[in-house]
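Asker: coords below, sequence missing:
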C-alpha cells in the first residue's frame, strides 16, 4: 500500500524509477556530461511537444513560463485575445493586465469550450490582434479546448497562438507544429511525472520574430537570451540539475510507451472515469471533457468536505473546485503516471467516503463500471 | 571514492542524507502535511538569514529572486546605487537597466571590496537614492563586502539595502536584522547544500512599505502576493515540493552544527585554502577574501585548461575565472557540505594536474600546509 494516493491535477505521482534519479549525486551544469543530458531532454521535449522548434526549460513553476510568454512576445498596449473559461484562462488575462496589454477577454461559461466562430468573429473585428492566449486543458473545469481549430483560423494571419498546456500536455492530443501553434507552455508536475519545479516553453519561427520587437521588461525569463544558450546546449542561468536528470528518465518512459498510445490510454481512462462516476450518480461537469482530468458534480454533498475526508481518512488526494466552483465539484486527475490501478483505488475510497457522508450508492457500482469500460470489448476496451 | 568532487561555487555537493529525502514520494502542496514542512523551513530560513522577518521561497534559480527584488521594491526611473566589482554586481545593474531604473554604478576594481567612504559620498550627493544593491560575497572575484558598514550608513535614511547573498549565505557572516539589511536574496545550491531550483528573499518591515508603491510589472514574483500566502504557510504558485523537503533536512544539519560554528569553520577552511595555495606558489586574487570561495592566480598557466584537465582527468570540478578573468584565475569553493576532506582531495589532484602542465611545485607542499593550518595550534586551529 502506497502511503498516499495522488489523483490531483498536479503534482501527480512520481514513479520510483524517476525518484531514484532525483537522489543521484549532483553534477555541475557547465560540463559536457550535463550538456549531453540537456541535448537528450531537448530532443525528448520536441517529441512530447510535437514540434521541431526549440523547447526552452526554466527552473520555475508553470506560471513563470506563462509570464515569460506575455513579457517576451508582447509589447505595451498590444491588443490580445484571451479565452477565459476558468481559473487558468483568467491567469493569462491577469498577466496581460499586469504588463499593460489591451486584453480582449472572450468569456465563456465555466465548463464550456469556446466557440470557434466567436473567436473568428472577434479576430475579424480586431485585425490588429497580436496574439491569442488559450489553455489546452482548462484544469479548473476539466475542459479541453479545440486548439487545432484555433490554429486553423490563425494560419495566414500575423497573429500568434499561445497555449497553456501545463495540465494537458501528454494526455490531451496537441500537435504543435501541425496545428500551427506558436508557443506552448508546459510544467513538470503533470503529464511529465516529475516533482514541481520545471517549466517549458516552445517557440515557433513566427513567434521568434516577436521576441525582437517586444518592449516589456524581463531578465530571468529573457527568451532571446535563453534561445542563445539553448543553441549551445546550455541555459542562461543555473538550471534545476536534479529535476532535469529526472526529466531524462521521464522522457524514456514516455518514448517507450509512445505518445500516441498514451493519448489513447488517457482518453480511455477519462471515459472510464466519467462512466464509473455516472454509475454512482455523479455527473460530468464539463461539456467538452479533457483526457487529463475529470470534474464531477456531487448532488447534496459539500465537495470541499468530501475532498478533506478522502485525504484524511483514506490518504486519497483529489481536488475540489476553484473559485465559485469551490463546493460544487470534485476533480480527479488521470495524467502522468496515473493508470487504471490508481483509479480503482480512488473509486474504492470515494464510494466509501460518500457513503459515510450519507450519500446513497450501490457499493461497488463504480468499480464494476470502471472495469467494464476500461477492459470491456463493448466500449472498444 | 565519490564519482565526482564538486568544489565549484554552486552547485555544491548534496549530502546523501538530503539526497535520500529528494527521492521520497511526492506529496500535495495544499495539505496540512506540506504546510507543516513550510512552517518548519520558514523558521529555519529565519535562523539562517538571522532575521525575524519573512523569508519567501520561490521555485527558480537565484537570479529570479534578484529580479524580484528590483521589480518589487523599485519604480520606473528610481535612482539606485549598485556596487559593481564583479559579474554579480553587474547583474544587479543589468536588471536595473532592464526595468528602467536610474542606476548609479559604483565601479570598483575586480577583487577589491568597495570603500565605505565612497558609498557614503555617493549617498550624500544623491539623497534621493531609493535603494543600494550589493553582493555579500562577489562570487566572480571571491571577495566579501562589508555589508555591516553599509547597513550602518543607511540606518536613519529612507534608502533600503538589498543584498545578493546567494553564494555567501551560510559561510560569510551576515546578521540581517542586526546590521539593518532590508532584503537578502539566497539560493539553494550553495551554502544550503541542495540541488539548484530554489531561491529565497527576506523582506524587512521598511522594505515592505516599498512594495505598495512599486509600479513595475511582476506576476510570478509578486512579493505582496507571496507575503499574503506566506502568512498562511502557503505559496502563491506550486512550490518545488521535493526541494523544499530537502531544505527541511538541510536546515536540520545546519542547526545541529550551529550557524556560528559554521561561520568559524568556513573562515578557517578559507584561510587554510589560501595558505595551502601559497605553499605551491598560487596567490590569492581578492584583497578581501570571502569565507565561501577562494580565487587564486596561477602564474604561467592558462587556467581554463587547468579547470578542464582537473575535471576530465581527475573528476575534480573547480571554477575558472569569468569575463576578463577567464584565463587568469581558478576558484575553489568551500561552502555548504564542503569540508577539509574535500579540500584535501582537491589539492591532491590540483598539485598533480599542475605538475603535468609543467608547473613547478614541491609535491605535497599544499597538503602539508592545509593540514598544518587547519589542525595546527599555531594558526588557532
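Answerer: All right, it came through fine. Owing to the predicted nature of the structure, the values given are computational and were not obtained by experimental measurement.
Asker: what about the host helix or strand of residue A:94, near chain B?
Answerer: Element membership of residue A:94, judged by DSSP states H and E, is helix A:87-98. Yes - interface with chain B: helix A:87-98 contributes A:94-95, A:98 (C-beta under 8 Å from any C-beta of the partner chain). For every residue, glycine as well, the C-beta is placed using N, CA and C.
Asker: other SSEs contacting the following helix or strand past that helix?
Answerer: Note on helix A:87-98: by DSSP H and E, the next helix or strand toward the C-terminus is strand A:102-107. Other elements packing on strand A:102-107 under the criterion 3 or more C-beta pairs under 8 Å, 6 or more residues apart in numbering or on different chains; DSSP states H and E are strand A:79-84, helix A:87-98, helix A:116-125.
Asker: Mean confidence (pLDDT) on strand A:102-107, please.
Answerer: Per-residue pLDDT values across strand A:102-107 average out to 98.
Asker: contacting residues around it?
Answerer: A:77-85, A:93, A:96-97, A:114, A:118-119, A:122, A:126, A:129 (C-beta atoms under 8 Å, 6 or more residues apart in numbering or on different chains).
Asker: Kindly supply the PyMOL command isolating those of those that are buried.
Answerer: Only the buried members of the contacts of strand A:102-107 end up in this PyMOL selection, burial being decided by 16 or more other C-beta atoms under 10 Å in any protein chain shown:
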select buried, chain A and resi 78+79+80+81+82+83+84+85+93+96+97+114+119+122+129
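Asker: Could you find the closest non-adjacent residue to residue A:212?
Answerer: Sequence neighbours aside, residue A:224 is the residue nearest to residue A:212 in space, at 7.3 Å (criterion: C-beta to C-beta, 6 or more residues apart in numbering or on different chains).
Asker: Helix or strand for the one you found, just tell me which one.
Answerer: Assigned by DSSP H and E, residue A:224 belongs to helix A:223-230.
Asker: From chain B, how far off is residue A:179?
Answerer: Computed as C-beta to the nearest C-beta, to the nearest Å, the residue A:179 to chain B distance reads 27 Å.
Asker: ok now do that residue, which residues does it touch?
Answerer: The neighbours of residue A:179, taking C-beta under 8 Å, 6+ apart as the test, are A:147-148, A:151-152.
Asker: gap between the residue nearest to residue A:168 when sequence neighbours are not counted and chain B?
Answerer: For residue A:168, ignoring the flanking residues on the chain, the nearest one in space by C-beta to C-beta, 6+ apart is residue A:137 at 3.3 Å. Taking C-beta to the nearest C-beta as the measure, residue A:137 falls 16 Å from chain B.
Asker: Residue A:137 pairs with what?
Answerer: Beta-bridge partners for residue A:137, by DSSP bridges, are residue A:144.
Asker: So it sits against residue A:173, correct?
Answerer: No - taking contact to mean C-beta atoms under 8 Å, the distance of 10.7 Å between residue A:137 and residue A:173 leaves them out of contact.
Asker: Which one of those two is surrounded by more residues?
Answerer: Counting neighbours by other C-beta atoms under 10 Å in any protein chain shown for residue A:137 and for residue A:173 shows that residue A:137 has the greater number, 32 against 18.
Asker: what sits against that one?
Answerer: Neighbour list for residue A:137: A:143-145, A:165, A:167-168, A:171-172, A:290-293 [criterion: C-beta under 8 Å, 6+ apart].
Asker: Looking at those, state which has the most neighbours.
Answerer: Neighbour counts for the contacts of residue A:137 were taken using other C-beta under 10 Å; the highest belongs to residue A:293, which has 35 neighbours.
Asker: Which pLDDT does the model give that one?
Answerer: In the predicted model, residue A:293 carries a pLDDT score of 98.
Asker: now the residue in the stretch 251-381 of chain A that chain B sits nearest to, which residues is it bridged with?
Answerer: Shortest the stretch 251-381 of chain A-to-chain B distance, computed as C-beta to the nearest C-beta: residue-wise this is residue A:317, at 4.8 Å. Residues in a beta bridge with residue A:317, per DSSP bridges, are residue A:6.
Asker: Can you pull up the most central residue in chain A?
Answerer: If you average the C-alpha coordinates of chain A and look for the closest C-alpha using C-alpha atoms, centre = their mean, you land on residue A:167, 1.3 Å from that point.
Asker: Am I right that it is in contact with residue A:9?
Answerer: Yes - taking contacts as C-beta under 8 Å, residue A:167 lies within contact range of residue A:9: 5.4 Å.
Asker: Spit out the residues that contact the two alike.
Answerer: Shared contacts of residue A:167 and residue A:9 (C-beta under 8 Å, 6+ apart): A:139, A:190, A:292-293, A:335.
Asker: Inside strands: which ones of the residues you listed?
Answerer: In strands, judged by DSSP state E, the following of the shared contacts of residue A:167 and residue A:9 are found: residue A:293.
Asker: Residue B:48: which of the shared contacts of residue A:167 and residue A:9 is nearest?
Answerer: When those are compared for distance to residue B:48 (C-beta to C-beta), residue A:190 comes out closest, at 32.1 Å.
Asker: which one of the residues of helix A:87-98 next to chain B is nearest residue B:232?
Answerer: residue A:94 (19.9 Å).
Asker: ok, residue A:221 to chain B distance?
Answerer: 8 Å.
Asker: Give the helix, strand or coil label for that residue.
Answerer: coil (DSSP: H, G, I helix; E, B strand; the rest coil).
Asker: Spell out which residues of the stretch 151-300 of chain A are next to chain B.
Answerer: Counting by C-beta under 8 Å from any C-beta, the residues of the stretch 151-300 of chain A that sit close to chain B are A:187, A:189, A:195-197, A:216-220, A:237-243.
Asker: contacting residues for residue A:138?
Answerer: Residue A:138 makes contact with A:85-89, A:144-145, A:290 under the criterion C-beta under 8 Å, 6+ apart.
Asker: quick one on the thing from earlier: using TSV, please lay out the contacts of residue A:137 together with distance to residue B:177.
Answerer: Listed next are the contacts of residue A:137 as TSV, based on distance: C-beta to C-beta, whole Å:
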residue	distance to residue B:177
A:143	49
A:144	51
A:145	50
A:165	44
A:167	41
A:168	46
A:171	48
A:172	49
A:290	49
A:291	51
A:292	46
A:293	45
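Asker: Of the residues you listed, just say which sits nearest to residue B:353.
Answerer: Lowest distance from residue B:353 to these (C-beta to C-beta) belongs to residue A:165, with 47.4 Å.
Asker: Quick check: closest non-adjacent residue to the closest one.
Answerer: Setting aside the residues directly before and after it, residue A:165 is nearest to residue A:136 in space (C-beta to C-beta, 6+ apart), at 4.1 Å.
Asker: Wait, the one you found touches residue A:163, no?
Answerer: Yes - shown here, residue A:136 and residue A:163 form a contact pair, counting by C-beta under 8 Å, at 5.4 Å.
Asker: would you turn the shared contacts of residue A:167 and residue A:9 into a markdown table with distance to residue B:344?
Answerer: What follows is the shared contacts of residue A:167 and residue A:9, written out as a markdown table (distance: C-beta to C-beta, whole Å):
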| residue | distance to residue B:344 |
| --- | --- |
| A:139 | 52 |
| A:190 | 45 |
| A:292 | 52 |
| A:293 | 53 |
| A:335 | 48 |
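Asker: For the stretch 251-381 of chain A, which segments count as strands?
Answerer: Assigned strands in the stretch 251-381 of chain A, in chain order: A:283-284, A:293-297, A:316-317, A:319-320, A:329-333 (criterion: DSSP state E, counting those that start in this stretch).
Asker: Give the pairing partners of the first one; include direction for each.
Answerer: Read it as strand A:283-284. strand A:293-297 (antiparallel).
Asker: Please compute how far the strand it pairs with lies from its chain's middle.
Answerer: On the basis of C-alpha atoms, centre = their mean, to the nearest Å, strand A:293-297 is displaced by 15 Å from the centre of the chain it belongs to.
Asker: got the angle for that strand vs strand A:329-333?
Answerer: 160 degrees (axes from the mean of the first three to the mean of the last three C-alpha atoms, to 10 degrees).
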